[in-house]
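Novice: here is my input, please return the structure:
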Amino acid sequence: MHNTWLIIRREYLERVRSKAFVAFTLLIPLFMYAIIILPSKLMIMKPAGTRHVVVVSDNADLAQRVAREISENKDTKDASNDDDAIAPNYTAEVEPSTSDETLAKLTARIDAGQLDGYLVLPSNVVASRKFKYYTKNATDFVETEGMRSAVRLALTREGMAHAGVSEKQVQELLRKVDVETLRVEKGKISQGGGLMSILLPITLMMMIYMTLIIYGVAVMRSVIEEKTSRVVEVLLSSVSAKELMAGKILGVGAVGLTQMLIWATCGAVIGSPVFVAAKSMIKDIHLPMAVVIAFPVFFVLGYLLYSSMYAAVGAMVNSDEEAQQMQWPVLAPLISCAVFAFMVVRTPDSPLAMALSMFPLTSPIIMFVRITVATPPAWQIALSVSLLVASIYGMVWFCSRIYRVGILMYGKRPSLPEILKWIKYA
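Specialist: Predicted structure coming up:
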């Protein structure tokens, strides 16, 4: 045990003190901020100044309604409470002529910077529900969606007006409808549901999925480095192969936990303003205590299982190129978890979801997803954990025998019969 602790300490300090660890740990939060948080902040910023558009239609009443929806955005939001309504810094005018000459003049105004865009509503727009929007910046999907929303609301108001519905009744009918989904579990009703209730288990699942791969590969590369540099021969003169393997797995795992803790702290600090701004979106997030407990449990168990397999792969090969080919049997179960994750979110109690949550190679992710979506019976969780723990014990025994022989083998990559002989060695 003393030797194992020394190896854990060496693996941990060697990696934590490296420049690569410091750079990677600090750059990842900055990178995530640059590609996720910063663009979201910039996207919700309103363009400077007032944008001017023209509504082209031979239907004067409809054109006026569309122009009003665009210009009087505050009234639109109050009436419909529509989240996809366009930004209020727009003005709109009506052009009754739809001739080619008129459209050419409007196009020239866009080129000259005098106009930001114009909508062309065909005579059959009520039936076809289609129109065209001409603008210099055709990639501004927020503006395009806003124009679509304005025309949709105008068509709805016009249709209700023709049906004899008063403007006050129209305002009331266009109000947004909210739905609150409640979870019924074991006779108790709790908060849950909504889009975020789907995104949450998928996000947590991807965290486990990525960290198992990242730190499992780190264990494999560590074994390959020491094997190719012949350092392992010196180490094995003082410690056993099992102690060396255990030290590497636990040492690299401690580095991973340290890195995740730093990233979580940085994410909380950097992302707190975004969470405050998006409180209406995340109000439906409810994190049960079972999920809080299950996350570290299944992460640790999954890491122990897969890191031992990656250590065995590292002991069998002689280079990174060989490792990339040999690690596919290890990656396959993890990839299958990502493939079946959405099915499990939708039907967590299906026979396939139950089977995957019991199979040790997929249970660290699939069972956790089931607990996040709809907590299964306690006996299923206990059985899944028991099978996983037993599999870890068997996998460590199995992989340690491969590791013990393979770590000192150099030259060509071993064949399957040779690997089976290694396992039989006493």
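
Novice: only C-alpha atoms from now on, for both contacts and neighbour counts.
Specialist: Will do.

Novice: show me the domain layout of the chain.
Specialist: Domain assignment for the chain by automatic domain parsing gives 51-173, 192-424.

Novice: quick one, which of those gets closest to R17.
Specialist: domain 192-424 (10.5 Å; Cα to Cα).

Novice: quick one: mean pLDDT over that closest one.
Specialist: On average, the pLDDT along domain 192-424 is 79.

Novice: give the other helices and strands that the strand or helix carrying L420 contacts.
Specialist: Element membership for L420 (DSSP states H and E) is helix 416-424. In terms of contacts (3 or more Cα pairs under 8 Å, 6 or more residues apart in numbering; DSSP states H and E), helix 416-424 is packed against helix 378-406.

Novice: show me where the stretch 101-250 of the chain has its helices.
Specialist: 125-128, 141-162, 167-173, 195-228, 231-235, 241-277 (DSSP state H, counting those that start in this stretch).

Novice: buried residues in the fourth one, which are they?
Specialist: If I follow you right, that is helix 195-228. 196-198, 200-202, 204-206, 208-209, 211-213, 215-227 (16 or more other Cα atoms under 10 Å).

Novice: I'd say G406 and M316 touch.
Specialist: Yes - the criterion here is Cα atoms under 8 Å, and G406 meets it with M316 at 5.1 Å.

Novice: neighbour count: these two, which is higher?
Specialist: Shown here are G406 and M316; by other Cα atoms under 10 Å, M316 has more neighbours (28 against 22).

Novice: and that one, how far from G302?
Specialist: 22 Å (Cα to Cα, to the nearest Å).

Novice: for E101, same thing?
Specialist: 68 Å.

Novice: for G146, same thing?
Specialist: Distance from G146 to G302, by Cα to Cα: 46 Å.

Novice: more neighbours, the two?
Specialist: G302 (24 against 19).

Novice: quick one, what contacts the more buried one?
Specialist: With contacts defined as Cα atoms under 8 Å, 6 or more residues apart in numbering, G302 is in contact with 212, 364-365.

Novice: looking at the helices of the stretch 101-250 of the chain, spot the one closest to V94.
Specialist: helix 141-162 (13.5 Å).

Novice: of all the helices of the stretch 101-250 of the chain, which one is nearest W397?
Specialist: Checked against Cα to Cα, the stretch from these lying closest is helix 241-277, at 8.9 Å.

Novice: between helix 378-406 and the closest one, find me the angle.
Specialist: Counting by axes from the mean of the first three to the mean of the last three Cα atoms, to 10 degrees, helix 241-277 lies at 130 degrees to helix 378-406.

Novice: and helix 241-277, which residues are buried?
Specialist: 241-256, 259, 263, 266, 270.

Novice: next: stretch 122-138.
Specialist: 122, 125-126, 131, 133-135.

Novice: which of the residues you listed sit farthest apart?
Specialist: V126 and T135 (22.6 Å).

Novice: can you list contacts of stretch 229-245?
Specialist: Outside stretch 229-245, the residues touching it (Cα under 8 Å, 6+ apart) are 1, 3-4, 7, 226, 308, 311, 400, 403-404, 407-408.
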